[in-house]
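S.K.: model this:
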Amino acid sequence: MRILQLVTRFDFGGAENHVRELCNELVANNHQVILVSRNGRQKELLDNRVIFIPIPSLVSNFILAQAILIVYLNVRHKIDVIHAHQRLPIITACLAGFISRVPVVATVHGRVRHDLRSVIARKFASKIIFVSNQVLTISRHFESIKHKSVVIPNGIPIPQKFPKIESFTIGYFSRIDERHFEVIKNLVLAVEKFTNDYPNIKLLLIGDGKEVEKLKLMIHDSNLRLNDNVIQYRGFVENLEDWSSFPELVFGVGRVAIEALARGANVLSVNYKRMGEIISLSNYGQYALNNFVNISGIPPTSEKMYSQLKLYYQKRNEYRAETPALALKIENDFSISKTTQSIVEVYSTVS
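M.R.: Numbering: from 1, shown residues only. Below is the predicted model:
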């Protein structure tokens, strides 16, 4: 099958990581893949069998110009299906697909109101993939699109072995932008307070973005107050497979939660909008259905984070004992091979 993938940018993030791994898995299964996107650091991790076509930043927001390019690629490469991710690529793909009579599959990675805001996207997408059940059912357009919608979670390459777990180490992986910075600020405050109970605790912050300098200043001030190097910024990480050790407890949702559970870490479900619980065997099914987001949660605060930290370390042995079974569930439910197989089945229904 000849597949054209579209994504806005190709740097690091949940959607971008998924696109890269999906492309690599597709070519490993003898499909032909062309990826169109702005340049980014993910390009270095692409299988060399994937044809990467960069879009100059200056024209990346011009839908008509991109649509003409996609029509040209559809005709030249006899594309069987276009798979678009994020709002502008979805609209562009739908226009180009309509003109060149090529079916379009769109994946909504979380921001349903944003990605499906355009009537063009809702009308002309042949199939719409949602990464969680909640993302689909909360859509105000649910009734009009449910007949062509399917839930397929993002998958990951399953690690071959567990890394060494860094005891009493907390990890937070994210873009360092305004929204995540607020979560990090609350987490730093919670960890500062928690050092009174566990003086050997450590917080690792991993990521890159516009708020990095502001983050470094906050870390410096926090460590001065603690008179220790408790908060550490590890910066940009290209590939988790290179890590020989991993934090014991990770704060996050979605792909971050999946990657952490697969590596034998415990996970506390939290993002900038919703505070959740520590993932356990008893609540795994509920969280897995909704991309590891607490769909009824409220925004996190430092007090709530502190309470969850205290609960985790009070029951630490119980939570740690569940990690092998949780990792096995991730392997069964979220491997990139299983996800790709499900997506190819969607391609087959429209092409």
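S.K.: quick one, helices of the stretch 201-350 of the chain?
M.R.: Taking DSSP state H, counting those that start in this stretch as the test, the helices found in the stretch 201-350 of the chain are 212-226, 254-262, 284-289, 302-314, 316-321, 323-334, 336-350.
S.K.: Which of those helices has the highest mean neighbour count?
M.R.: Among the helices of the stretch 201-350 of the chain, ranked by average contacts under mean count of other CB atoms under 10 Å, first place goes to helix 254-262 (a mean of 24). Glycine gets a C-beta too; all of them are placed from N, C-alpha and C.
S.K.: Report the angle between that helix and helix 323-334.
M.R.: Comparing the axes of helix 254-262 and helix 323-334 via axes from the mean of the first three to the mean of the last three CA atoms, to 10 degrees yields an angle of 130 degrees.
S.K.: which strands and helices sit next to helix 254-262?
M.R.: Helix 254-262 sits against helix 14-28, strand 164-173, strand 245-251, strand 266-270, helix 323-334, with contacts defined as 3 or more CB pairs under 8 Å, 6 or more residues apart in numbering; DSSP states H and E.
S.K.: Let me have these in CSV, extended by mean pLDDT and distance to residue 96.
M.R.: Output for the helices and strands packed on helix 254-262, formatted as CSV (pLDDT from 0 to 100; distance: least, CB to CB, whole Å):
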stretch, mean pLDDT, distance to residue 96
helix 14-28, 94, 18
strand 164-173, 96, 34
strand 245-251, 97, 39
strand 266-270, 98, 38
helix 323-334, 97, 31
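S.K.: quick one, which of those is packed in tightest?
M.R.: By mean count of other CB under 10 Å, the helices and strands packed on helix 254-262 have strand 266-270 as the most buried, with a mean of 26.
S.K.: Touching that one from outside, list them.
M.R.: Residues outside strand 266-270 that contact it (CB atoms under 8 Å, 6 or more residues apart in numbering): 183, 248-253, 257, 260-261, 275-279, 287, 292-294, 297, 300, 305, 308, 312, 319-320, 323.
S.K.: What of stretch 308-326?
M.R.: With CB under 8 Å, 6+ apart as the test, stretch 308-326 has contacts from 170, 190-191, 194, 197-198, 248-249, 261, 264-266, 268, 275, 277-281, 284.
S.K.: OK, contacts around residue 153?
M.R.: Residues in contact with residue 153, defined by CB under 8 Å, 6+ apart, are 131-132, 258, 288, 291, 333-334, 339.
S.K.: can I get the helices of the stretch 201-350 of the chain in a markdown table with distance to residue 142?
M.R.: What follows is those, written out as a markdown table (distance: least, CB to CB, whole Å):
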| stretch | distance to residue 142 |
| --- | --- |
| helix 212-226 | 38 |
| helix 254-262 | 21 |
| helix 284-289 | 16 |
| helix 302-314 | 30 |
| helix 316-321 | 36 |
| helix 323-334 | 24 |
| helix 336-350 | 18 |
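S.K.: out of the ones you listed, nearest to residue 85?
M.R.: Comparing these against residue 85 with CB to CB, the closest turns out to be helix 336-350 (11.5 Å).
S.K.: tell me the mean pLDDT over that closest one?
M.R.: The pLDDT scores in helix 336-350 average 97.
S.K.: by contact count, what packs against that helix?
M.R.: Helix 336-350 sits against helix 14-28, strand 81-85, strand 104-108, strand 127-130, with contacts defined as 3+ CB pairs under 8 Å, 6+ apart.
S.K.: what's the domain layout of the protein?
M.R.: Domain segmentation of the chain under automatic domain parsing yields 2-155+335-350, 164-333.
S.K.: end to end, how far does the last one reach?
M.R.: For domain 164-333, the first and last residues are 23 Å from each other (CA to CA, to the nearest Å).
S.K.: weakest of the domains of the chain in terms of mean pLDDT?
M.R.: domain 2-155+335-350 - the lowest mean pLDDT of the domains of the chain, at a mean of 91.
S.K.: how about the helices in the stretch 51-200 of the chain?
M.R.: Taking DSSP H, counting those that start in this stretch to define them, one finds helices in the stretch 51-200 of the chain at 63-77, 87-100, 112-115, 119-124, 133-137, 142-145, 178-194.
S.K.: so residue 206 sits right up against residue 240, yeah?
M.R.: No. When contacts are counted by CB atoms under 8 Å, residue 206 is not listed as touching residue 240 (9.4 Å).
S.K.: need the contact list for the nearest residue to residue 216 once chain neighbours are set aside.
M.R.: Leaving aside its sequence neighbours, residue 216 sits nearest to residue 233 (CB to CB, 6 or more residues apart in numbering; 6.2 Å). Counting by CB under 8 Å, 6+ apart, residue 233 touches 205-206, 212, 215-216, 219.
S.K.: and residue 233, bridged to which residues?
M.R.: Residue 233 has these beta-bridge partners by DSSP bridges: residue 205.
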